[in-house]
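A structural model of the following input is requested.
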Amino acid sequence: MIKDNQFFNGNKDNNKKDSENNVIKEEEKKVENVVEVDKKDFNENLDEDLSDIDEEEDVVKKNVLKEKLIEFIGFCNKNRKKTIIALIIAVVICIGVATVVVLGRNGKTSNTGTELGTTQNEHVDVIPAEVGDIDDPNDPQLQNSNNSGGTGAQMSATDMKKTSSMSNGIDVSKFQGKIDWDAVAATKKIDFVMIRVGYRTDNNGVIVEDPYAKYNMQEAADAGIKVGVYFFSTATTKEEALEEAAWTTNIIAKYKITYPVVYNCEGFTDTQSRMHGISNADRTDYAIAFLNYVKNEGYEPMLYASKTDLDNSTYWDTNKISASYKVWVAQYPDQLTEKSSYTGKNAMWQYTCNGSVSGVNGLVDMNIAYFYYENASEPKDTSGAANADNPELGVVFTEASGQVTAKDETNLRSLPNTSGDIIVLIKNGTFVTLLANGDNGWSRLQYNGTTVYALTKYLTDKANAVVAPVTPVATKAAPSGMTFTDVNDQVTAKEEANLREEPSATSLKISTIYSDGTFYARTGRSTITGSDEWSRIIYNGKTVYVKSDLVTTEVKVTQAPTTAAEGEKYKAQTMVFTAINDKVTITSNVTTVNLRDLPSTTYGKEMAKLKTGEYVDRIGKNDSTGWSKLIYNGTTLYATSQYLKN
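Coordinates of the predicted model:
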């Protein structure tokens, strides 16, 4: 960073400014010689009105204007009776001319942000937009560079110096993450921030809201930092540019937007871009359509572009744009200079992307605006507070899908934090639809058609396995010739497995178990290994035997679904049953009961009918859902428990 930089170091004596001030003082003496009465007050008012006109070309304008006013006042001095009227007229002329000159420039200083009168725009529909993901692969700002000639010098906010006619700022988007705006404000170095509110994707042209836009606009303004915004465009028609302008002015209407509303368009030279091949003239017209719409809505419009793109109207009709609108130029010198080397009109300069500011994680772009607003503008739409209906402000959610339940039990709340009302307590086995996961550790869910939230760490996509109750019994001695090693674990069937009275395939079959998530206590394994190995387990309080290669200690996991309908089917497929062993028939109030392949009247297919007086083995029961698991003609089927009796 150069040592004699006035803006950044505040140490350079500006001889040119001193010379200009001397000229002004000489002209003030002329005014004193012509008008003796009220000469001091008049000159002070005159200088105040012209205080925004600086730089070389404007000093000339200021001096010429003063000469004309001096002649006019001299005339009035000869006609004392008309002096008061003349002075009033002169002040009005002075203010009017100064305003024209100042507004003709790209920058100005004011106590408040620009309050432009609104002009009725032709109606443009506001396109609905989804909030983008943090890692959205279609974000065009990920793919494009502003071609600013490097990354720029390293710069800390603590190195910034204040002036009365310029202001310091940063520009941010989702790439800076969640910003602590109070910490940024506490530096007392950052006057304004330019916030990305959205973008149009370069692959399919969809408008997307920056996930941190609303949080940044509200929190920055609340911290006392003036706010401007920009939209990252990939418009290929004037109509698309107007859609972007309408969308932008709609989303910012309830916020205090003091600094400009910016059109940012890059990446059009990429042969894969939807913008490739658009002429400079058309590209310029799209930008002007956006900027003019913004202006008519009462905001101050501005174009962002790199020095490379602006120079010699390489990719923009630069003169056409700068004649009516402010320009924000990006150019990153390796060492900071007093101004950008861009010679065209510009009201703001983005001079590095290597900035660091307390409250912002990582690096951030830094800017100088050649104007300063002391007070913030009020929102255009005052019909209601911004974000009054946004419980997710400051939380970025990444889209997800599937069905989840509580690991044990957890509260579903109205907000993604513990201050939200408890809607319901769910326990493992009650499934809800997962919509998204937030960066604050909460998940967005759908429960009975309502959006609710729960802590992500308390959720799972698996129902807990139900362990069959173990009744203490005396371990039955193994048959002659087979020995067992005592073990203590839980097993379930891989698919299905027969339980036998003795560890032999020819022994009496006691029952059959299935891969339904029901686990049984295993008390021993035979010393014979391989396909002839047997396991000793407890089933309904009895010691039985099962081939070891037919059971497992692992839970069989069914892939979680992606739709609500699949979710209901998934719940049926993964429903767990308490092991039971009895015989049932239908109750007297019905003549038949449907037997289904899944415990669901919606997704379970009717496979058979159980009739009066016909008994079947019941091997499982789920009291919370009201379903029973039956063996009918050697097949596992399901029926509603209320129509069954022993």
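
quick one, phi/psi of residue 141?
Main-chain torsions, residue 141, degrees, to the nearest 10: phi -70, psi -20.

do I have it right that it meets residue 232?
Yes: in this structure residue 141 lies within contact range of residue 232 using C-beta atoms under 8 Å: 5.2 Å. Backbone N, C-alpha and C define where each C-beta goes, glycine included.

mind listing the shared neighbours of these two?
Here residue 141 and residue 232 have 196, 199, 266 as joint contacts, going by C-beta atoms under 8 Å, 6 or more residues apart in numbering.

what's the nearest residue to the second one if we skip its chain neighbours?
The shortest distance from residue 199 to any residue other than its chain neighbours is 3.8 Å, reached at residue 232 (C-beta to C-beta, 6 or more residues apart in numbering).

which segments of the protein make up each domain?
Structurally, the chain divides into domains by automatic domain parsing as follows: 17-105, 149-375, 397-460, 466-552, 564-645.

was I right about the residue nearest to residue 199 contacting residue 196?
Yes: the pair residue 232 / residue 196 is scored as a contact, 6.3 Å apart, by C-beta under 8 Å.

what's the overlap in contacts for these two?
Here residue 232 and residue 196 share the contacting residues 141, 264, scored by C-beta under 8 Å, 6+ apart.

neighbour count for those two, which is higher?
Each of residue 232 and residue 196 has its neighbours counted (other C-beta atoms under 10 Å); residue 232 has more, 26 against 23.

identify the bridge partners of the more buried one.
Beta-bridge pairing of residue 232 under DSSP bridges involves residue 199, residue 264.

likewise residue 328?
Using DSSP bridges, the beta-bridge partners of residue 328 come out as residue 304, residue 348.

check contacts around it.
Residues in contact with residue 328 (C-beta under 8 Å, 6+ apart) are 194, 260, 262, 302-305, 346-350, 367.

between those, which is nearest residue 438?
Proximity to residue 438 was ranked across these by C-beta to C-beta; first place goes to residue 194, at 26.1 Å.

per-residue pLDDT of that closest one, please?
pLDDT recorded at residue 194 is 98.

so it versus residue 173, what's the distance?
With distances taken as C-beta to C-beta, to the nearest Å, residue 194 is found 9 Å from residue 173.

before we move on, what about residue 236?
22 Å.

now swap in residue 192 and tell me
Distance of residue 192 to residue 173, given as C-beta to C-beta: 15 Å.

same question, residue 506
Distance, residue 506 to residue 173, by C-beta to C-beta: 74 Å.

between the two, which one's more packed in?
It is residue 173, of residue 506 and residue 173, that has more neighbours when counted by other C-beta under 10 Å, with 24 against 7.

so who does the closest residue in space to the more buried one that isn't next to it in sequence touch?
When the adjacent residues along the chain are set aside, residue 173 lies closest to residue 196, with 3.7 Å between them (C-beta to C-beta, 6+ apart). Neighbour list for residue 196: 141, 171, 172, 173, 174, 210, 213, 229, 230, 231, 232, 264 [criterion: C-beta under 8 Å, 6+ apart].

7 Å instead?
Taking C-beta atoms under 7 Å, 6 or more residues apart in numbering as the criterion, residue 196 is in contact with 173, 210, 213, 230, 232.

in a markdown table: these, plus distance to residue 625.
Output for the contacts of residue 196, formatted as a markdown table (distance: C-beta to C-beta, whole Å):
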| residue | distance to residue 625 |
| --- | --- |
| 173 | 48 |
| 210 | 44 |
| 213 | 44 |
| 230 | 54 |
| 232 | 50 |
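
tell me the one of the contacts of residue 328 nearest residue 276?
Of all those, residue 305 has the smallest distance to residue 276: 17.2 Å, by C-beta to C-beta.
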